[in-house]
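K.L.:
Kindly generate the corresponding structure for this input.
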Amino acid sequence: MFPELKTYIDQLEMVTISNDRKELLDPLVHYIQYKQQEGQSIDLNFICTHNSRRSHLAQVWAQVVAAYFEVPGVLTYSGGTETTAVFPSILETLQGQHLQVDLIDETENPLYSVAYGVDDAVYLFSKKYDDESNPEVGFAAIMTCSQADADCPLITGADQRIALTYEDPKTSDNTDQQTETYLERSTQIATEMKYVFSKVAS
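P.N.:
Residues are numbered from 1 along each chain as shown. I've put the predicted structure just below:
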């Protein structure tokens with residue numbers, strides 16, 4: 001893991017997480033612990049409507065923080081109820097948090113590499129939750145927005161469905177608060193993933 005990134009995660013303060021949020025996070029903790037106990041891979045699919053903002057942040061930070069705590073067998077994914085593209089502010093925010101972002105394939109729906117170590121990266125592009133690149137069975141479907149949660153009454157193949165919703169940073173687009181709002185949301189997700197995997201690793 002990049003040293004600057006490790007230092008950044010070291011400094012994330014889990015005391016900022018409210019008890020109400022911990023109640024929402026605990027089902028994810030228990031799911032990961034169960035998969036560990038069964039000796040199974042831990043596949044986590046973060047789902048939001050457009051797969052452009054919150055679901056990508058959650059996919060990246062879950063993978064990165066799992067590596068930070070050296071929790072083996074974790075693979076993270078993301079998807080939406082429709083396909084758009086990764087929103088540029090997501091990539092700019094992650095770069096500012098010591099991840100290395102590279103464009104792999106430039107199309108209307110570009111593919112990006114988000115590296116957290118010399119040989120470790122998460123690949124981001126917008127896709128539906130049941131895209132062939134995502135797991136078909138034996139995964140947790142983690143709903144990161146209420147609209148996707150309502151629009152997807154059934155996620156075929158999921159072991160468990162977990163509602164873990166976040167406020168949409170899109171509300172700040174084209175305002176003076178845009179950079180601050182995206183950083184705030186990404187930091188919240190990173191901190192909450194630190195809580196989850198600290199429980200798993202303890």
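K.L.:
C-alpha only now, for contacts and for neighbours.
P.N.:
Will do.
K.L.:
host element of the residue nearest to Glu13 when sequence neighbours are not counted?
P.N.:
Distances taken as Cα to Cα, 6 or more residues apart in numbering place Thr191 nearest to Glu13, at 6.8 Å, with adjacent residues excluded. Thr191 belongs to helix 178-201 when assigned by DSSP states H and E.
K.L.:
what helices or strands is that helix leaning on?
P.N.:
Contact here means 3 or more Cα pairs under 8 Å, 6 or more residues apart in numbering; DSSP states H and E; on that basis helix 178-201 packs against helix 3-10, helix 19-37, helix 54-68, helix 88-96.
K.L.:
winner for burial among those?
P.N.:
Per-stretch averages of neighbours, counted by mean count of other Cα atoms under 10 Å, single out helix 54-68 among the helices and strands packed on helix 178-201, with a mean of 25.
K.L.:
Return the set of buried residues in stretch 194-202.
P.N.:
For stretch 194-202, a neighbour-count test (16 or more other Cα atoms under 10 Å) marks Lys194, Tyr195, Val196, Phe197, Ser198, Val200 as buried.
K.L.:
before we move on, back to that, now the helices and strands packed on helix 178-201 as TSV including distance to Met143?
P.N.:
Below are the helices and strands packed on helix 178-201 laid out as TSV (distance: least, Cα to Cα, whole Å):
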stretch	distance to Met143
helix 3-10	24
helix 19-37	11
helix 54-68	8
helix 88-96	18
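K.L.:
residues near the residue nearest to Glu13, how many?
P.N.:
22 (other Cα atoms under 10 Å).
K.L.:
same thing with His50?
P.N.:
23.
K.L.:
you'd agree it is up against Thr84?
P.N.:
Yes: if you go by Cα atoms under 8 Å, His50 and Thr84 touch, sitting 5.9 Å apart.
K.L.:
re earlier: quick one: which of the buried residues of stretch 194-202 is nearest Phe125?
P.N.:
Lys194 (23.8 Å; Cα to Cα).
K.L.:
That closest one and Val64, how far apart?
P.N.:
Distance of Lys194 to Val64, given as Cα to Cα, to the nearest Å: 9 Å.
K.L.:
Excluding chain neighbours, what is closest to Gln36?
P.N.:
Gln36 sits nearest to Ile42 (Cα to Cα, 6+ apart), 7.5 Å away.
K.L.:
what do you get for Ser172?
P.N.:
The spatial neighbour of Ser172 that comes closest, neighbours along the chain excluded (Cα to Cα, 6+ apart), is Gln178 at 4.7 Å.
K.L.:
now swap in Asp105 and tell me
P.N.:
Leu111 (5.0 Å).
K.L.:
How about Asp120?
P.N.:
Asp120's closest residue in space is Met1 (Cα to Cα, 6+ apart), at 7.7 Å.
K.L.:
Return the helix or strand in the chain with minimum mean pLDDT.
P.N.:
Taking mean pLDDT, DSSP states H and E as the measure, the chain has helix 146-151 as its least confident helix or strand, at a mean of 73.
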